[in-house]
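Visitor: need a structure here:
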Amino acid sequence: MGKERVEKILLFWFSNAIYDPIWNRRYIDHVEITVSETVGVEQRGGYYDGSGALRDMVPNHIFQLITLTAMEPPISFDADAVRDEQAKILRAIQPLTPEDVLNRSVRGQYGRGNVDSEVVSAYRGEPKVPPDSATETFVALKLLIDNWRWADVPFYIRTGKRLPKRVTEVMIRFRRAPFVLFRKTPVERLTPNELVIRIQPDEGISLKFGAKIPGPLVRLGAVKMNFAYTDYFGSTPSTGYERLLYDCMVGDATLFQRADMVDAAWTVVTPILDVWKALPPRNFPNYASGSWGPKEANDLLERDGRYWRNVES
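Guide: Numbering: from 1, shown residues only. Take a look at the predicted model:
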């Protein structure tokens, strides 16, 4: 939350009037949030094996990104005004039933593989990790927010270790335009617009849209318009902790979770943990290091006729 780009999600959404009319279920098809790491557990195996990816990343880091993306405009940028709106989103996330957990959650654990041209060991081969550990290092979820703005718009989230690229981003995919106009043209399908907010490592925003390919025929090509933060405002190295420590000293609680937010987040996460505890995984490790996680993560979206964004593009 201390990273500059995370806070800019608020300002981007609330300071640009062109997005307000389309920031809702009528125009947005779904939202994807990816938080991926190329590293394994390093020397933290003792801690991580008692935590896992779900506890470590979802109720804090990823849920904060969800709330900043989905929240209603606060009455001011005062800490409690912002957190009031974030808390409403967390309370509106639809809790998963045991059957939902089986259908809308995926867990994985990395095996041996190749990351950045280097052969790396499986999670169970890491220091201080039991050789039969059932701890997940990858999580993918399909979440729904039960409010007027976001009803029926799925929020797909994924996070994991030993993935092929280090990236944190929020991707909003819009609904396709009606195809009727293009029925008698060479255009076979329309590419949906995508708005991507990149948080790390290269902070910026990109927008994908369709444009006519020059020539006598009606043909469309996908175009990306990219904004890199460093090109306009320079680069200031920061880990994010500097900002959080400063806010502690001046008493600004905006970027910190309030107790009711923590309770609401764990209300969503706890049923998943309960089912996973009752049904230990039988196929770990189930994804190779250097891949984008287990096949079931792709199936999670493909069942809905969707797909994960290729974050390398």
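Visitor: Residue 255 is in contact with residue 243, correct?
Guide: Yes: between residue 243 and residue 255 there is a contact under Cβ atoms under 8 Å: 7.3 Å. For glycine as for every other residue, the C-beta is placed from the backbone atoms N, C-alpha and C.
Visitor: Skipping adjacent residues, who's closest to residue 230 in space?
Guide: Take residue 230 and drop its neighbours on the chain: the residue closest to it by Cβ to Cβ, 6 or more residues apart in numbering is residue 203, 7.4 Å away.
Visitor: same thing with residue 129?
Guide: Take residue 129 and drop its neighbours on the chain: the residue closest to it by Cβ to Cβ, 6+ apart is residue 45, 4.2 Å away.
Visitor: tell me the contacts of that neighbour?
Guide: By Cβ atoms under 8 Å, 6 or more residues apart in numbering, residue 45 lies in contact with 126-129.
Visitor: Residue 59 too?
Guide: Neighbouring residues of residue 59 by Cβ under 8 Å, 6+ apart: 262, 265-266, 268-269.
Visitor: and of those residues, the nearest to residue 160?
Guide: residue 269 (16.3 Å; Cβ to Cβ).
Visitor: Could you check how far the closest one is from residue 144?
Guide: Counting by Cβ to Cβ, to the nearest Å, the separation of residue 269 from residue 144 is 15 Å.
Visitor: With residue 247 instead?
Guide: In terms of Cβ to Cβ, residue 247 sits 32 Å off from residue 144.
Visitor: Most neighbours of all the contacts of residue 59, which one?
Guide: The most neighbours of any of the contacts of residue 59, using other Cβ atoms under 10 Å, belong to residue 265, which has 23 neighbours.
Visitor: does it really touch residue 61, like I thought?
Guide: No: assessed by Cβ under 8 Å, residue 265 is found out of contact with residue 61, at 10.6 Å.
Visitor: centroid residue for the protein?
Guide: With the centre of the chain defined as its mean C-alpha position, the nearest residue by Cα atoms, centre = their mean is residue 33, 1.5 Å away.
Visitor: Residue 222: which element?
Guide: Assigned by DSSP states H and E, residue 222 belongs to strand 220-228.
Visitor: mind checking the SS state of residue 106?
Guide: Assigned with DSSP: H, G, I helix; E, B strand; the rest coil, residue 106 falls in the strand class.
Visitor: show me the contacts for residue 163.
Guide: Counted by Cβ under 8 Å, 6+ apart, residue 163 has contacts 36-38, 138, 290-293.
Visitor: Quick check: closest non-adjacent residue to the residue nearest to the centre of the chain.
Guide: Using Cβ to Cβ, 6+ apart and skipping the chain neighbours, the partner closest in space to residue 33 is residue 157 (4.6 Å).
Visitor: pLDDT score assigned to the one you found?
Guide: For residue 157, the pLDDT comes out at 98.
Visitor: One more: residue 111?
Guide: Looking at residue 111, its pLDDT is 96.
Visitor: check contacts around it.
Guide: The contact partners of residue 111, by Cβ under 8 Å, 6+ apart, come to 122-123, 285-289.
Visitor: Quick check: it vs residue 123, distance?
Guide: Counting by Cβ to Cβ, the gap from residue 111 to residue 123 is 8 Å.
Visitor: now residue 65
Guide: 25 Å.
Visitor: For these two, indicate the residue with more neighbours.
Guide: Neighbour count, other Cβ under 10 Å: between residue 65 and residue 123, residue 123 has more, with 27 against 23.
Visitor: how about that one, phi and psi?
Guide: Residue 123 adopts backbone torsions of phi -60, psi -40, taken as degrees, to the nearest 10.
Visitor: rewinding a little: go through the contacts of residue 59 and name the one nearest residue 306.
Guide: Proximity of these to residue 306 (Cβ to Cβ) peaks at residue 268, which lies at 21.3 Å.
Visitor: if I look at the closest one, how far off is residue 93?
Guide: Residue 268 is 5 Å from residue 93, where distance means Cβ to Cβ.
Visitor: Overlap in contacts, those two.
Guide: By Cβ under 8 Å, 6+ apart, the residues touching both residue 268 and residue 93 are residue 143.
Visitor: before we move on, the earlier item: could you single out the nearest of the contacts of residue 111 to residue 276?
Guide: Once Cβ to Cβ is applied, the member of those that ends up nearest residue 276 is residue 286, at 13.7 Å.
Visitor: which residues does the residue lying closest to that closest one once chain neighbours are set aside contact?
Guide: Among residues not flanking residue 286 along the chain, residue 294 sits closest, at 4.5 Å (Cβ to Cβ, 6+ apart). When contacts are counted by Cβ under 8 Å, 6+ apart, residue 294 touches 106, 108, 138, 286-287.
Visitor: rerun at 10 Å
Guide: 106-110, 136, 138, 140, 160, 283-288, 300 (Cβ atoms under 10 Å, 6 or more residues apart in numbering).
Visitor: Alright, that wraps it up for me.
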